[in-house]
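Chemist: with the sequence up front, the predicted model follows.
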Amino acid sequence: MKNQVVKLLSQALEQLAADDVVPREGVPAPVVERARETRHGDYACNIAMVLAKIARARPRELAEKLVAALPQNQLVEKVEVAGPGFINFYLRRDAYHQLVPQAIEQGYEFGRSGIGQGRRIQVEFVSANPTGPLHVGHGRGAAYGAVVADLLEAVGFSVHREYYVNDAGRQMDILAASVWLRYLELCDQEIVFPSNGYKGDYIWDIAATLHREHGEAYLHPAAELFQDIPVDEPAGGDKERHIDALIARSKLLLGDNRYRYVFELALNVILDDIRDDLELFGVNYEEWYSERSLTESGAVNKAIERLRNLDHVYQKSGALWFRSTAFGDEKDRVVVRENGQHTYFAADIAYHMDKLERGFERVIDVWGADHHGYVPRVKAALQAMGDDPTRLDVLLVQFANLYRGGEKVQMSTRSGSFVTLRELRKEVGRDAARFFYVMRKCEQHLDFDLDLAKSSSSDNPVYYVQYAHARICSVLRQASEKGIGMEPSAGVENLDRLTEEHEQALFTALSRYGELVESSAINKEPHQLCQYLRELANDFHTYYNAHQFLVEDENLRDARIKLVLAVKQVLRNGLNLLGVSAPESM
RNA sequence: GCGCCCGUAGCUCAGUGGAUUAGAGUACCGCCCUCCGAAGGCGGUGGUCACAGGUUCGAGUCCUGUCGGGCGCGCCA
């Protein structure tokens, strides 16, 4: 409906341009907003005030001329010029009535649109290192990325969801070494576990699997392993040097094949766990993209070569540097280390280059806000390559703090006392977790109140919205028990009987849904949808409280059932986009 | 120190490409169950939009600065 109003205004503007009332060039597209108050009609436009200066006319006079130039339309009841020059549109009631049969007939499709025109867009999210289970911080990125992807799909983009698997690099070596050390402990070797190793219980589990399936085939005396290794931090040494030496020794003692086996075992166990975890969280991907494949296919070297050919790299103190400062970064960055290994950043350059080469028109990365310093260098790399860095959109998700009993839950990765996503899901359930995670805009810190998320009360927004849906289902059950025809009449007949204030509010709410999905998607702001669903649920509960639906008057009853069916469909669709279920009863 | 993000009611937050009188929820106070789910609803109290300038016909919204909070500034990932 909004788009139609915009169209009318655009036509009027063209007319005025033809009449030389406004210039032909430099006229912005009219912005139509929903009127905040009902007495200002349904939609309002400020274009007359915006144009006043360039058209050298008084805003009100310009507004009057625009109104006079508006084409006839069956949607619009009347148009008024108000205040300093707003053009207020009052729509005919039956324009709203159409929405009810539309929602019921279109079902799942209602509110979706094609504005994306099938353009290909990639959303990469979570991409946590497979060195341990996902924790609650990853959960927010998972929920947010998944909803943004679904929203974009809902407005007609062709969405490709991707998880970048960091299955190469030093962290993975530390993981493999950690597993092997635990394994040696299971073989009764005396080990002082490195302070920089992975200490979680899941490491023991993987080591136990290795031990169970291969006995002592991977056993080497601890003395051999620790001989001449630089001391660890607690002993006054450097923890990084200590663990790097342990990794090198592990590779030497185990040999390529056995080391590879331990490495792969650890990677696969953890990756399977992450996959499973995300799936249970309702988060699915089109592709799991391996970092290692970039190295193996030569893509990383290719990227570095490309930079070299373009003269964007230089050699300094044994390392190869990318001159990112030439593209707005704070300092230059190393791509190949002194030891000949490429950096994570080098792989990331190759990865992003690959994304654009795969033909995605736009690429979205969802990162934790702690990585924000990384954005300029990735964009710099794309620009250096001759790509358009604005095709990449990095969305930074702030941390989530958990609260239990009004107290902040202390979390620390170091001590291993973090809460896993799995635990969170178990505690509050998938629905509440998904909803709470996207309830705030992503750049806002999130206070996640565990008690609230679990509570069965109207204070809990998820509960409140789901309850509205369940309540409608309950009404419909009542209707069928009373033998009232469950098939409401098709079309818009009887809907003109719905003249109550609460009913008008629901019509308005229904008409907003499509606009809302669109704006949530375009702005990548799922919280708008959360907010809307709360309002819709509130409008419904208010209505429910004020009026009986299953009344004697058949026509009125038919109309009310239809309206409520439409509301039910919108609640369902909205919750579905958020990855939250719409229960029939609770 | 530099960079990015945030600062709206006691608390948690909305406030869309700038606009007509700043909104929810919670908390607090007061009402409402012979009635489709009271797991609910209705009403009320509560705000110099951190502060100071600037742009504009108009600023919570845009610009600059200050203050407060978070995060980042590795040949880590």
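Modeler: Cool, got the structure. All of these numbers come straight from a predicted model, not from anything done at the bench.

Chemist: could you point out the longest helix of chain A?
Modeler: helix A:239-280 (DSSP state H).

Chemist: quick check, it touching RNA strand B?
Modeler: Yes: applying C-beta under 7 Å from any atom of the strand, one finds helix A:239-280 touching RNA strand B at A:Glu240. Any C-beta I mention is one placed from the backbone N, CA and C, and that applies to glycine too.

Chemist: after that helix, next one along is what?
Modeler: strand A:287-290 (DSSP states H and E).

Chemist: who's in contact with that next one?
Modeler: Applying C-beta atoms under 8 Å, 6 or more residues apart in numbering, the external contacts of strand A:287-290 come out as A:160-165, A:167, A:271, A:275, A:351.

Chemist: how about 6 Å then?
Modeler: A:162-165, A:167 (C-beta atoms under 6 Å, 6 or more residues apart in numbering).

Chemist: pLDDT score assigned to A:Leu8?
Modeler: A:Leu8 is assigned a predicted lDDT (pLDDT) of 86.

Chemist: which secondary structure elements does the helix or strand hosting A:Gln106 sit against?
Modeler: Using DSSP H and E, A:Gln106 maps to helix A:99-106. Where contact means 3 or more C-beta pairs under 6 Å, 6 or more residues apart in numbering; DSSP states H and E, helix A:99-106 is packed against helix A:554-578.

Chemist: buried ones in the helix it packs on?
Modeler: A:556-575, A:577-578 (16 or more other C-beta atoms under 10 Å).

Chemist: what angle separates it from helix A:99-106?
Modeler: Here the directions of helix A:554-578 and helix A:99-106 differ by 60 degrees (axes from the mean of the first three to the mean of the last three C-alpha atoms, to 10 degrees).

Chemist: what's helix A:554-578 in contact with?
Modeler: A:100, A:103-104, A:110-111, A:147, A:150, A:434-435, A:468-469, A:472, A:488-489, A:494-495, A:497-498, A:510, A:513, A:529, A:533, A:540, A:549, A:551, A:582.

Chemist: report the contact partners of A:Val269.
Modeler: A:Val269 neighbours (C-beta under 6 Å, 6+ apart): A:Ile206.

Chemist: measure it to RNA strand B for me?
Modeler: Counting by C-beta to the nearest atom of the strand, to the nearest Å, the separation of A:Val269 from RNA strand B is 18 Å.

Chemist: per-residue confidence at that residue?
Modeler: At A:Val269, the pLDDT recorded in the model is 96.

Chemist: same question, A:Leu70
Modeler: The model's pLDDT for A:Leu70 equals 86.

Chemist: leaving out the residues flanking it, which one is nearest to it?
Modeler: Distances taken as C-beta to C-beta, 6 or more residues apart in numbering place A:Ala12 nearest to A:Leu70, at 4.8 Å, with adjacent residues excluded.

Chemist: about what we covered before: among the contacts of helix A:554-578, name the ones in helices.
Modeler: A:100, A:103-104, A:147, A:150, A:434-435, A:468-469, A:472, A:510, A:513, A:529, A:533, A:540.

Chemist: quick one, domains of chain A?
Modeler: Domains of chain A are assigned by automatic domain parsing as A:2-91, A:97-114+A:457-578, A:170-273.

Chemist: mind putting the ones you listed in TSV, distance to A:Val123 included?
Modeler: Formatted as TSV, the domains of chain A follow (distance: least, C-beta to C-beta, whole Å):
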stretch	distance to A:Val123
domain A:2-91	26
domain A:97-114+A:457-578	9
domain A:170-273	20
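
Chemist: of these, give the one that comes closest to A:Ser127.
Modeler: Among the domains of chain A, the nearest to A:Ser127 by C-beta to C-beta is domain A:170-273 (11.9 Å).

Chemist: once you drop chain neighbours, what's closest to A:Glu190?
Modeler: A:Ala222 (5.5 Å).

Chemist: how near is that neighbour to RNA strand B?
Modeler: 26 Å.

Chemist: touching, that residue and A:Val192? I think so.
Modeler: No: look at A:Ala222 against A:Val192 with C-beta atoms under 6 Å: they stay out of range, at 8.9 Å.

Chemist: residues from the stretch 51-200 of chain A in reach of RNA strand B?
Modeler: A:52-53, A:82-84, A:86, A:88, A:129, A:166, A:169-171.

Chemist: and the helix holding A:Gln106, how far from the chain's centre?
Modeler: 28 Å (C-alpha atoms, centre = their mean, to the nearest Å).

Chemist: in it, which residues are buried?
Modeler: A:99-104.

Chemist: could I get the residues you listed in TSV, plus columns for distance to A:Leu70 and pLDDT?
Modeler: Listed next are the buried residues of helix A:99-106 as TSV, based on distance: C-beta to C-beta, whole Å; pLDDT from 0 to 100:
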residue	distance to A:Leu70	pLDDT
A:Leu99	23	91
A:Val100	27	92
A:Pro101	28	93
A:Gln102	25	92
A:Ala103	28	93
A:Ile104	32	92
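
Chemist: want to throw these into a markdown table with distance to A:Gly318?
Modeler: Converted to a markdown table, these look like this (distance: C-beta to C-beta, whole Å):
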| residue | distance to A:Gly318 |
| --- | --- |
| A:Leu99 | 67 |
| A:Val100 | 71 |
| A:Pro101 | 72 |
| A:Gln102 | 67 |
| A:Ala103 | 66 |
| A:Ile104 | 70 |
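
Chemist: among the residues you listed, which one sits closest to RNA strand B?
Modeler: Among these, A:Val100 lies closest to RNA strand B (C-beta to the nearest atom of the strand), at 17.5 Å.

Chemist: around RNA strand B, which positions in the stretch 451-586 of chain A sit nearby?
Modeler: Residues of the stretch 451-586 of chain A lying near RNA strand B (C-beta under 7 Å from any atom of the strand): A:456-459, A:463-464, A:467, A:470-471, A:473-475, A:478, A:519, A:523, A:525, A:527-528, A:531, A:534-535, A:538, A:541-542, A:544-550, A:585-586.

Chemist: related to what we said a few turns ago, buried subset of the contacts of helix A:554-578 as a PyMOL selection?
Modeler: A single PyMOL command is used to select the members of those judged buried by 16+ other C-beta under 10 Å:
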select buried, chain A and resi 100+103+104+110+111+147+150+434+435+468+469+472+488+489+494+495+498+510+513+529+533+540+549+582
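
Chemist: show me where the stretch 351-500 of chain A has its strands.
Modeler: A:362-368, A:392-397, A:400-404, A:407-408, A:446-449 (DSSP state E, counting those that start in this stretch).

Chemist: can you show me the helices along the stretch 51-200 of chain A?
Modeler: A:59-69, A:93-97, A:99-106, A:136-154, A:170-186 (DSSP state H, counting those that start in this stretch).

Chemist: pop out the phi and psi values for A:His58.
Modeler: One correction, residue A:58 is Arg, not His. The phi/psi pair for A:Arg58 (degrees, to the nearest 10) reads phi -70, psi 140.

Chemist: go on, A:Asp388?
Modeler: According to degrees, to the nearest 10, A:Asp388 has phi -90, psi 110.

Chemist: list the contacts of it.
Modeler: Counting by C-beta under 6 Å, 6+ apart, A:Asp388 has no contacts.

Chemist: can you pull the pLDDT of the closest residue to A:Gly514 other than its chain neighbours?
Modeler: In space, and not counting its chain neighbours, A:Gly514 is closest to A:Gly111: 4.8 Å by C-beta to C-beta, 6+ apart. pLDDT recorded at A:Gly111 is 93.

Chemist: mean pLDDT lowest where, among the domains of chain A?
Modeler: domain A:2-91 (a mean of 81).

Chemist: burial count for whichever residue of the stretch 301-450 of chain A sits closest to RNA strand B?
Modeler: Closest contact between the stretch 301-450 of chain A and RNA strand B, by C-beta to the nearest atom of the strand, is at A:Gly373 (2.7 Å). When neighbours are counted by other C-beta atoms under 10 Å, A:Gly373 registers 9.
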